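Q: here you go, sequence then predicted model.
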Amino acid sequence: MHYQDALVEAIREAAAHLLSEDVGPGDITAQLIPETQWATARVITREPAVLCGVAWVEEIFRRLDPSVRLRWSAADGDRLEADQCFLELEGPARILLTGERAILNLLQTLSATATRTRHYVDLLEGTGVRLLDTRKTLPGLRLAQKYAVTCGGGHNHRIGLYDAFLIKENHIAACGSIAAAVKEARSIARDLPVEVEVESFEELDQALAAGADIVMLDNFSLDDMREAVKRNAGQATLEASGNVDETTLRQIAETGVDCISSGALTKDVKAIDLSMRITELRNT
């Protein structure tokens, strides 16, 4: 399945799941509100953020009630200031309140990923180094968080186990050597990139000799990264991984590697503080 088609399907599935786990057989609290009551509401962020999740919100309300009108004043990837209203909603009061938690949960999580990614990308400005995500995503939100990384200016590593080879320590042990693992990968799918994770200069040399497209330097020191760049001499794309945070990111980039991958973009982000407030009520 094409990535965009898969993303559309993931949005549909996520919306259905969010509503199923939250609304279940029905929102009993919303029944306190007359069916005829119409409402206008605003969604604001309490802190600076990078927005992500527009399509998911639209799909959630499409499923709840297509009559709900959404007016966005920002798009995915836009920077938001603290206390900024970025979405106004208008529709049946019951429906707005039923969808509130589902949309906020999604927006606060995806915007958190986009926000941290943008922060890291800003720290890399001028180095030419690409920031990559990993497969360390929240369960059920793989494509959503991968999309959020791109909204923050980062790049996707591989989506899953099917679109690129990443030969790690256990694969090497099972195949017998780096050369054997790379050779087998080429025989399975010649058109897919082959990456080898290495932990020493000896393994680096073996990966380069085997013709790996990408070599991941796993927990190399800064000095060892510089030496790896010299040994590589442009043969393969060099990816740095391990001990990556905002205090080390720039130093790693300045060693001359091509890209840096970080699980911190997706696996342990802090949700953005968002809230929805009803601003007007009227009977229809």
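A: Cool, got the structure.

Q: drop to CA atoms for contacts and neighbour counts, all remaining ones
A: Fine.

Q: got the CA coordinates for the helix or strand where Val8 lies in CSV?
A: Applying DSSP states H and E as the criterion places Val8 in helix 3-23. The C-alpha coordinates for helix 3-23 follow below in CSV (Å, rounded to 0.1, in the frame of the first residue of the first chain):
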residue,chain,number,x,y,z
TYR,A,3,2.3,5.6,2.1
GLN,A,4,-0.4,8.3,1.5
ASP,A,5,-3.1,5.6,1.2
ALA,A,6,-1.8,3.9,4.3
LEU,A,7,-1.9,7.3,6.2
VAL,A,8,-5.5,7.9,5.1
GLU,A,9,-6.5,4.5,6.4
ALA,A,10,-4.6,5.0,9.6
ILE,A,11,-6.5,8.3,10.2
ARG,A,12,-9.8,6.4,9.8
GLU,A,13,-8.8,3.6,12.1
ALA,A,14,-7.5,6.0,14.8
ALA,A,15,-10.7,8.0,14.7
ALA,A,16,-12.8,4.9,15.0
HIS,A,17,-10.7,3.6,17.9
LEU,A,18,-10.6,6.8,19.8
LEU,A,19,-14.4,7.1,19.6
SER,A,20,-14.9,3.5,20.5
GLU,A,21,-12.8,3.6,23.6
ASP,A,22,-14.2,6.9,24.8
VAL,A,23,-17.8,7.0,23.7
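
Q: wait, a strand at Asp205?
A: No. Going by DSSP: H, G, I helix; E, B strand; the rest coil, the assignment for Asp205 is helix, not a strand.

Q: contact partners for it?
A: Residues in contact with Asp205 (CA atoms under 8 Å, 6 or more residues apart in numbering) are Arg231.

Q: what's the straight distance from one end of stretch 69-76 to the other?
A: This stretch, stretch 69-76, spans 18 Å end to end (CA to CA, to the nearest Å).

Q: in the stretch 1-150 of the chain, where is pLDDT below threshold?
A: 1 (pLDDT under 70).

Q: mind listing the strands for it?
A: All strands of the stretch 1-150 of the chain, identified by DSSP state E, counting those that start in this stretch, fall at 37-45, 49-50, 69-72, 79-80, 84-92, 130-132.

Q: as CSV, these with distance to Ser241 and mean neighbour count would be great.
A: Output for those, formatted as CSV (distance: least, CA to CA, whole Å; neighbours: other CA atoms under 10 Å):
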stretch, distance to Ser241, mean neighbour count
strand 37-45, 32, 20
strand 49-50, 25, 26
strand 69-72, 37, 14
strand 79-80, 27, 18
strand 84-92, 35, 19
strand 130-132, 10, 24
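
Q: hey, where'd the strands end up in the stretch 151-284 of the chain?
A: Under the criterion DSSP E, counting those that start in this stretch, the stretch 151-284 of the chain contains strands at 165-167, 194-198, 214-218, 237-241, 259-261, 274-283.

Q: for Arg69, which residues make a bridge with it?
A: Beta bridges link Arg69 to Glu90, judged by DSSP bridges.

Q: the chain should start at 840 in everything you say after this.
A: Will do, 840 is the new start, and the previous item becomes Arg908.

Q: tell me who's in contact with it.
A: With contact taken as CA under 8 Å, 6+ apart, Arg908 is in contact with Leu928, Glu929, Gly930.

Q: give me that answer again for 10 Å
A: Arg908 sits next to Thr879, Glu897, Phe900, Arg901, Glu927, Leu928, Glu929, Gly930, Pro931 when contact means CA atoms under 10 Å, 6 or more residues apart in numbering.

Q: ok, now Gly938?
A: Applying CA under 10 Å, 6+ apart to Gly938 gives the contacts Leu857, Leu858, Asp861, Val862, Asp866, Val896, Ile899, Phe900, Arg902, Leu903, Asp904.

Q: quick check, nearest of these to Val960?
A: For the contacts of Gly938, the minimum distance to Val960 (CA to CA) is 26.0 Å, reached by Val896.

Q: wait, that closest one sits on Gln947?
A: No. Using CA atoms under 10 Å, Val896 is not in contact with Gln947; the gap is 11.5 Å.

Q: which one of these two is surrounded by more residues?
A: Neighbour totals were compared for Val896 and Gln947, and Gln947 leads with 23 against 20 (other CA atoms under 10 Å).
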